[in-house]
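1. Task: produce atomic coordinates for the following.
(chains A, B, C, D, E and F)
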Amino acid sequence: MKTLTFLSRHAPFGTSNAKACLDMVLASAVFEQQVNYIFMDEGVWQLVRGHEPAGIHAKNTMAALQALELYGVENIFALEESLTERNLSLAHLQIPVRLCTRAEMSSLIQTSDVVTAL
Amino acid sequence: MKTLTFLSRHAPFGTSNAKACLDMVLASAVFEQQVNYIFMDEGVWQLVRGHEPAGIHAKNTMAALQALELYGVENIFALEESLTERNLSLAHLQIPVRLCTRAEMSSLIQTSDVVTAL
Amino acid sequence: MIISVMVTGSPVSQQSAQTALSFCQAALTAGHQIYRVFFYEDAVQLGSALNVAPQDERNLNAAWSEFVKQYELDAVICVASALKRGILDDGEASRYQKPAANLAEGFDISGLGQWVDACLNSDRVVSFGA
Amino acid sequence: MIISVMVTGSPVSQQSAQTALSFCQAALTAGHQIYRVFFYEDAVQLGSALNVAPQDERNLNAAWSEFVKQYELDAVICVASALKRGILDDGEASRYQKPAANLAEGFDISGLGQWVDACLNSDRVVSFGA
Amino acid sequence: MSTLHIVSSSPFDSNAFSSALKTASQGDAILLIENGVYAAVDALQIDNLMSGAMPDVTHYVLTEDVDARALPRLRNNIAKVDYAGFVALVCQHHNSVSWN
Amino acid sequence: MSTLHIVSSSPFDSNAFSSALKTASQGDAILLIENGVYAAVDALQIDNLMSGAMPDVTHYVLTEDVDARALPRLRNNIAKVDYAGFVALVCQHHNSVSWN
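-> Down below sits the predicted model:
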């Protein structure tokens, strides 16, 4: 079993990066690998509760994020300083994530076999 | 005659924005309009002398920039603070440009009929 | 007013082509006239007739194609951008001896001059995407 | 070493597909093995056989197609990304009743699982573009 | 003669908003759309950008993009407009600049 | 176990370099490619980013991208590598992260 770590660094909707990262995480889960899914930088906006993208004809991916646990993706992190910079706290988030410090994230990266930033 | 102003805000080679802006300027010149071509933000890197893009299989667009005057594009500006932020001066630049302040640029924008930022 | 619109962003990986469509629809609703829509750079992919959208997502290419047909808009795909990205009408496909054309209905392939012409003949001009 | 490469950037409007090709060529020159190249998101446009490059510019699609054929590399175009962008092989064109296919020689269309498989079977993995 | 500055990239990872802010003249307007709406949030980094901003420049945000992203709290003095308002803003100003 | 951080966007308009710099651990390396090479220039804004950087992280820049852009002057302690050197760096490190 390998450890695959995904860094989701981009906001939802404006570009397809967030969705592209999620699809990769789901594909990795099918292979039953050890997956770390880390939201950082603009990526933390993906977690904010209450998205209503119907007005921009976009798909709400929150259900897919909430279903990650069913797929065996349990290591979901948000970089604490990225939340703080954006005046966000855990109370704003729709899905349960573990907060991590920059040092903890660096350590997760170093102990991974493959790291994908999208 | 209309005044068409182009803001070239992106570095060369990494993306196609710089070339896309240049092509628009050349097309506008054919229509014999009043054209302002302003290099600002990362766009000022396009002007630096000595580009050698053969190693990345890209085309050197400096000749096209130098030929702008022949096409009647004479109002070529570089935003002074963008050069300063990048530790660049007129001595680094391959083509003659007029330096402009932020206020002068704002004024050029306000008196234009169409402004295109690329 | 007479309005022209330029779109430059990739229709799949950027939001700009979606924003531009909503803007154009709102402009017509408000009684304005659209002189031309010009697709430049990655936005020329909106002209592909071969794309297939996932069942639960909007097919933006089809939505644009239907919109320009319904209102008989002048929708121009930049030829230089299109050739580089493999968007061809029958004429270009035959000129370059390519096995197929893929331009969707409602769009024309033409030069950058069409955009300059739009700038000269419109009261307002708006760009979407990078 | 066994290396796999993912490319995500638009081949025309971003440099990443060019960088990735030079990297792969250097990897082979250094004696490494390329297990797979995976094209995702806007990079799937590299698989278009319809593109026409300006005479004074490199045709990056053709360069990639020739490279993967010459070294018999496994070059996979992500099917989900490709369908959205109108890149089709004969099978997909017929399945979705599209008038033409446009996939260039040397590429295969397949799923994201091919990339995960590459991650599991390679010593090193590098991504280009976003 | 005034200009509508349309910003579509987030101020947290692009200089588009900062550049628009420094370029806008008195009487101009700034409209935040797409990921540009993150420039409407109430956060220190945005305050810092705003501190040197020209007064008498009205800031707008596109409702559809705010709703899609569920922005928790907007900074003061931002007006919401829908697509019809977007069109009206384009018509009210002499020209527009799209900052990406 | 060390990581190669590959940065391909300019620090003047993207947070990629800044984020890589803050994430890199001791013994990691940062390789600047494409528009990322602008993070190698000798300018105040880059100095400011570097001031909080982890020591013992080696910085490299891809020669072909530097030559293409004719960077006037590089900051100190940056090593140049060509594509062969890029491949070698990938092999020398346990994994890589591409920051765009």
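2. and whichever strand or helix holds residue E:50, is it in reach of chain B?
-> Using DSSP states H and E, residue E:50 sits within helix E:44-51. No: applying C-beta under 8 Å from any C-beta of the partner chain, one finds helix E:44-51 out of contact with chain B, separated by at least 14.7 Å. Using the backbone N, CA and C atoms, a C-beta is placed for each residue, glycine as well.
3. Make sure residue C:82 is indeed in a strand.
-> No: read with DSSP: H, G, I helix; E, B strand; the rest coil, residue C:82 is helix and lies in no strand.
4. My understanding was that it contacts residue C:88; is that so?
-> Yes: Residue C:82 lies in contact with residue C:88 (C-beta atoms under 8 Å); the separation is 7.0 Å.
5. Any chance you could list residues touching both of those two?
-> Common neighbours of residue C:82 and residue C:88, using C-beta atoms under 8 Å, 6 or more residues apart in numbering or on different chains, are residue C:109.
6. Centre-most residue in chain A?
-> By C-alpha atoms, centre = their mean, chain A has its centre lying nearest to residue A:39, at 4.1 Å.
7. mind checking which helix or strand the spatially closest residue to it that is not a sequence neighbour is in?
-> The shortest distance from residue A:39 to any non-neighbouring residue, by C-beta to C-beta, 6 or more residues apart in numbering or on different chains, is to residue A:78 (4.6 Å). Here residue A:78, judged by DSSP H and E, is contained in strand A:75-79.
8. just checking, what packs against the helix or strand following that strand?
-> Counting by DSSP H and E, the next helix or strand C-terminal to strand A:75-79 is helix A:80-85. Contacting helix A:80-85 under the criterion 3 or more C-beta pairs under 8 Å, 6 or more residues apart in numbering or on different chains; DSSP states H and E are the following elements: strand A:98-100.
9. how about the residues of chain C that lie near chain B?
-> Taking C-beta under 8 Å from any C-beta as the criterion, chain C approaches chain B at residues C:6, C:8, C:40-41, C:80-81, C:111-113, C:115-117, C:119-120, C:125, C:127, C:130.
10. near chain A, which residues of chain C?
-> Counting by C-beta under 8 Å from any C-beta, chain C comes close to chain A at C:12-15, C:18-19, C:22, C:56-58, C:60.
11. Buried subset of those as a PyMOL selection?
-> If you want just the buried ones from those in PyMOL, going by 16 or more other C-beta atoms under 10 Å in any protein chain shown, the selection is:
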select buried, chain C and resi 12+13+14+15+18+19+22+60
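12. Pick out the most distant pair among the residues of chain C next to chain A.
-> Greatest spatial distance in the residues of chain C next to chain A: C:19 and C:56, 20.6 Å, computed using C-beta to C-beta.
13. Now do the helices in chain A.
-> Counting by DSSP state H, chain A has these helices, from start to end: A:17-30, A:62-66, A:80-85, A:102-110.
14. Put the alpha carbons of the second one into CSV.
-> What follows is helix A:62-66 as a C-alpha-only set of coordinates in CSV (Å, rounded to 0.1, in the frame of the first residue of the first chain):
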residue,chain,number,x,y,z
MET,A,62,-20.3,19.2,-1.3
ALA,A,63,-22.2,15.9,-1.4
ALA,A,64,-19.2,14.2,-2.9
LEU,A,65,-16.9,15.7,-0.3
GLN,A,66,-19.3,14.4,2.5
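15. does chain E sit close to it?
-> No: judged by C-beta under 8 Å from any C-beta, helix A:62-66 stays clear of chain E, getting no closer than 9.7 Å.
16. Mind checking the pLDDT average for that helix?
-> In this model, helix A:62-66 has a mean pLDDT of 92.
17. mind listing what the residue nearest to the centre of chain A touches?
-> A:8, A:46-47, A:76-79, A:82, A:97.
18. mind listing what the closest residue to chain B within chain C touches?
-> Taking C-beta to the nearest C-beta, chain B has its nearest neighbour within chain C at residue C:112, 3.8 Å off. Neighbour list for residue C:112: B:23-24, B:27, C:40, C:78, C:80 [criterion: C-beta under 8 Å, 6+ apart].
19. Now the closest residue to residue C:19 other than its chain neighbours, what are its backbone angles?
-> Excluding the flanking residues, the one nearest residue C:19 by C-beta to C-beta, 6+ apart is residue C:128, at 5.5 Å. Phi and psi for residue C:128, reported as degrees, to the nearest 10, are phi -130, psi 130.
20. Might one say that residue C:128 is in contact with residue C:18?
-> No: if you go by C-beta under 8 Å, residue C:128 and residue C:18 don't touch, sitting 9.0 Å apart.
21. if we can go back for a sec, ranking by neighbours, what's the top pick from the contacts of residue C:112?
-> Ranked by the number of neighbours (other C-beta atoms under 10 Å in any protein chain shown), the contacts of residue C:112 place residue C:78 first, at 29 neighbours.
22. wait, that residue sits on residue C:44?
-> Yes: counting by C-beta under 8 Å, residue C:44 is a contact partner of residue C:78 at 6.1 Å.
23. quick one: low-confidence parts of chain E?
-> The model of chain E has no residue with pLDDT under 70.
24. Close to chain C: what parts of it are there?
-> Neighbours of chain C within chain E, by C-beta under 8 Å from any C-beta: E:6, E:8-9, E:33-35, E:64, E:82-84, E:86-88, E:90-91, E:95-96, E:98, E:100.
25. Which other helices and strands does the worst-scoring helix or strand of chain A on mean pLDDT contact?
-> Across the helices and strands of chain A, the lowest-confidence element by mean pLDDT, DSSP states H and E is helix A:62-66, at a mean of 92. Helices and strands touching helix A:62-66, as assessed by 3+ C-beta pairs under 8 Å, 6+ apart, comprise helix A:17-30.
26. circling back: now render the residues of chain C next to chain A as TSV, adding secondary structure and pLDDT.
-> As requested, the residues of chain C next to chain A are arranged in TSV below (DSSP: H, G, I helix; E, B strand; the rest coil; pLDDT from 0 to 100):
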residue	secondary structure	pLDDT
C:12	coil	96
C:13	coil	96
C:14	strand	97
C:15	coil	98
C:18	helix	98
C:19	helix	98
C:22	helix	98
C:56	coil	91
C:57	coil	93
C:58	coil	94
C:60	helix	97
